[in-house]
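1. one predicted model, sequence on top.
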Amino acid sequence: AQSVTQLDSHVSVSEGTPVLLRCNYSSSYSPSLFWYVQHPNKGLQLLLKYTSAATLVKGINGFEAEFKKSETSFHLTKPSAHMSDAAEYFCVVSDPGYSSASKIIFGSGTRLSIRP
Amino acid sequence: DAGITQSPRHKVTETGTPVTLRCHQTENHRYMYWYRQDPGHGLRLIHYSYGVKDTDKGEVSDGYSVSRSKTEDFLLTLESATSSQTSVYFCAIRPSGSSHNSPLHFGNGTRLTVT
């Protein structure tokens, strides 16, 4: 069965330090994986996507994620946190072979706080 | 900006009243979706559409109906609102159709409170 687990509901880091947001997935297929960011009172914005090409994916605002099939993980990282990174982050898995939307699964989200 | 407008942005309504939320897109995409967002649940699919008059249910469709009479508009109706439908509702489009590689693009949401 398809599932997504974001291992931390809340992460707090100091400005200028690295960010790690963890995501594990379960899929019977070769999935596509996405990270989205949501700032307060806004919609979700795509940060990056993995679609079976390079396993290290670079996204916007300095974020990147590495697809590790052996660990079924797709963790999001950033070398140096900025105050503007404070937001909610969602890991999403999308499987092939299904109807157009029935197998897009969202993680429950990780709230990232940045300390000055 | 994916050209998605949701209206209204905020609404307060009473239990038992009907409510319709509107999603309008400017880019003629075939696939449109309605999600609800609740703390601790991420986003959950309510209904989606793969063309004019073509819709299907998602995982949390009970109490909701949808209509799509034009490509650009996708309406979500709560026939008789309940307090459990207090949530933030997001509309999304999928520019590359049904491909699982294609990400969703979201509107800014409608915050609905049912009192």
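-> All right, it came through fine. Numbers count the residues shown, from 1 in each chain, chains lettered A, B, ... in the order given.
2. each with direction, which strands does the helix or strand of chain A with the lowest mean pLDDT pair with?
-> Here the helix or strand of chain A ranked lowest by mean pLDDT, DSSP states H and E is strand A:104-106, holding a mean of 88. Here strand A:104-106 is paired, per DSSP bridges, with strand A:87-94 (antiparallel).
3. need phi/psi at the most centrally placed residue in chain B.
-> Against the mean C-alpha coordinate of chain B, by Cα atoms, centre = their mean, the closest residue is residue B:34 at 2.5 Å. Recorded main-chain torsions at residue B:34 are phi -120, psi 130, according to degrees, to the nearest 10.
4. and the residue nearest to residue A:79 when sequence neighbours are not counted, what's its pLDDT?
-> Computed as Cβ to Cβ, 6 or more residues apart in numbering or on different chains, the closest residue to residue A:79 that is not its neighbour in sequence is residue A:18, at 5.7 Å. Backbone N, C-alpha and C define where each C-beta goes, glycine included. Looking at residue A:18, its pLDDT is 98.
5. ditto for the one 4 residues further on
-> Here, the pLDDT recorded for residue A:22 equals 98.
6. now do the same contact list for it.
-> By Cβ atoms under 8 Å, 6 or more residues apart in numbering or on different chains, the residues touching residue A:22 are A:6, A:7, A:8, A:73, A:75, A:110.
7. which of those residues are buried? Put it as a PyMOL command.
-> Command for PyMOL that selects the buried part of the contacts of residue A:22, burial taken from 16 or more other Cβ atoms under 10 Å in any protein chain shown:
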select buried, chain A and resi 6+73+75+110
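8. most distant residue from the middle of chain B?
-> Distance to centre of chain B, Cα atoms, centre = their mean, peaks at residue B:101 (21.2 Å).
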